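Trainee: Take a look and give me a structure for this.
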Amino acid sequence: MSTKAHSSNKTKKIISQPAVNGAARVAAIQMASGPTVSANLTEAEMLLDMAAKEGARLAVLPEYFAIMGMKETDKVDAREEEGKGPIQRFLAKMAKKHKMWIIGGSVPLASDQPDKVRNACLVYDDKGKQVARYDKIHLFGLQMGAEHYSEERTIEPGKDVVVVDTPFGRIGLSICYDLRFPELYRAMHPVDMIVVPAAFTETTGKAHWETLLRARAIENLTYVIAAAQGGYHRNGRETHGDSMIIDPWGVVLDRLSRGSGIVVANINPAYQQRLRGSLPALSHRTL
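Mentor: Have a look, this model is predicted:
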């Protein structure tokens, strides 16, 4: 199914999977990734094991979970062809091992441009099969004091809005800087959950991260699962962290301020439907 989304050159892709309307336990994983893929995957495995032991049936890893390079081009060197490579094998293996749905916050995948990657959010079902892919649309840029970022130098933007039907409800996929663009989430409608794997800087994160996340939850009456990088990285960068899970009323159900770890919460579709029935704002939209 394909329909026009919020821009003339963007479409909404809906990936259908069997749906089961019941409460589910979900996890957001926080890391402070470094430049070595193997070391990051070892840490991610430990954290996914923790999430599984907590009963999570869905786990979300942060943006750049497998590599935060010493320079921006390191992720280009680590890029993988879709369906191949150690990062994707790892995600499939972990999903199958734990019989858990896993969302790999972002994986550097090959681009049509040899000096760039696609910053791709990959979804694996509980059998280890990749069932969805979203390529980050909005590329971060910041010029503030000593901080200078320009993702467009090493990343080719995606074009498609992607939602995936899962046993836990319909999930809208986004990455980090996308959070600042509410029209993206309106284009996903209807969704039950939004995932936001991220590597927000400390500067922008302390100012806007929680506010933006709670706004997206409230205005869409949806759960938000935000898995962040959180801490100091070997390349000198500081990320904000504060991974959290938010309910459709904007209540933070669990959070982790800094460092590696997990946050867990229950997704309750019945509660969400009651809220949407009591405050049918989504049906009152006129634009």
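
Trainee: then stretch 167-181 to PDB, C-alphas only?
Mentor: Provided in PDB are the C-alpha atoms of stretch 167-181 (Å, rounded to 0.1, in the frame of the first residue of the first chain):
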ATOM      1  CA  PRO A 167       2.100  -8.200  17.100                       C
ATOM      2  CA  PHE A 168       2.200  -5.300  19.500                       C
ATOM      3  CA  GLY A 169       0.600  -2.700  17.200                       C
ATOM      4  CA  ARG A 170       1.500  -0.500  14.300                       C
ATOM      5  CA  ILE A 171       4.900   1.100  14.800                       C
ATOM      6  CA  GLY A 172       6.200   4.300  13.100                       C
ATOM      7  CA  LEU A 173       9.900   4.400  12.400                       C
ATOM      8  CA  SER A 174      12.100   7.500  12.900                       C
ATOM      9  CA  ILE A 175      15.600   8.500  13.800                       C
ATOM     10  CA  CYS A 176      17.000  11.300  16.000                       C
ATOM     11  CA  TYR A 177      16.700  14.600  14.100                       C
ATOM     12  CA  ASP A 178      13.400  13.500  12.600                       C
ATOM     13  CA  LEU A 179      11.900  14.200  16.000                       C
ATOM     14  CA  ARG A 180      11.900  18.000  15.200                       C
ATOM     15  CA  PHE A 181       9.500  17.500  12.300                       C
END
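
Trainee: what sits against the closest residue to residue 162 other than its chain neighbours?
Mentor: Once flanking residues are discounted, residue 162 sits nearest to residue 134: 4.0 Å by C-beta to C-beta, 6 or more residues apart in numbering. In this view, the C-beta of every residue, glycine as well, is placed from N, C-alpha and C. When contacts are counted by C-beta atoms under 8 Å, 6 or more residues apart in numbering, residue 134 touches 120, 121, 158, 160, 162, 173, 174, 175.

Trainee: Could you say which helix or strand holds residue 134?
Mentor: Assigning secondary structure by DSSP states H and E places residue 134 in strand 130-135.

Trainee: Repeat that for residue 149.
Mentor: For residue 149, the element it lies in under DSSP H and E is strand 147-150.

Trainee: following that strand, which helix or strand shows up next?
Mentor: strand 161-166.

Trainee: now that next one: mean pLDDT?
Mentor: For strand 161-166, the mean pLDDT works out to 97.

Trainee: List the strands paired with that strand, with their directions.
Mentor: strand 11-15 (parallel), strand 169-173 (antiparallel) (DSSP bridges).

Trainee: Check those for me: which has the lowest mean pLDDT.
Mentor: Of all the strands paired with strand 161-166, strand 11-15 carries the lowest average pLDDT, namely a mean of 67.

Trainee: So what pairs up with the residue nearest to residue 162 in the strands?
Mentor: Taking DSSP bridges as the rule, residue 134 bridges to residue 121.

Trainee: Roughly how far does it sit from residue 213?
Mentor: Separation of residue 134 from residue 213 (C-beta to C-beta, to the nearest Å): 18 Å.

Trainee: where do the helices sit along the chain?
Mentor: For the chain, the helices defined by DSSP state H cover 37-53, 74-77, 86-98, 182-188, 202-204, 210-220, 269-278.
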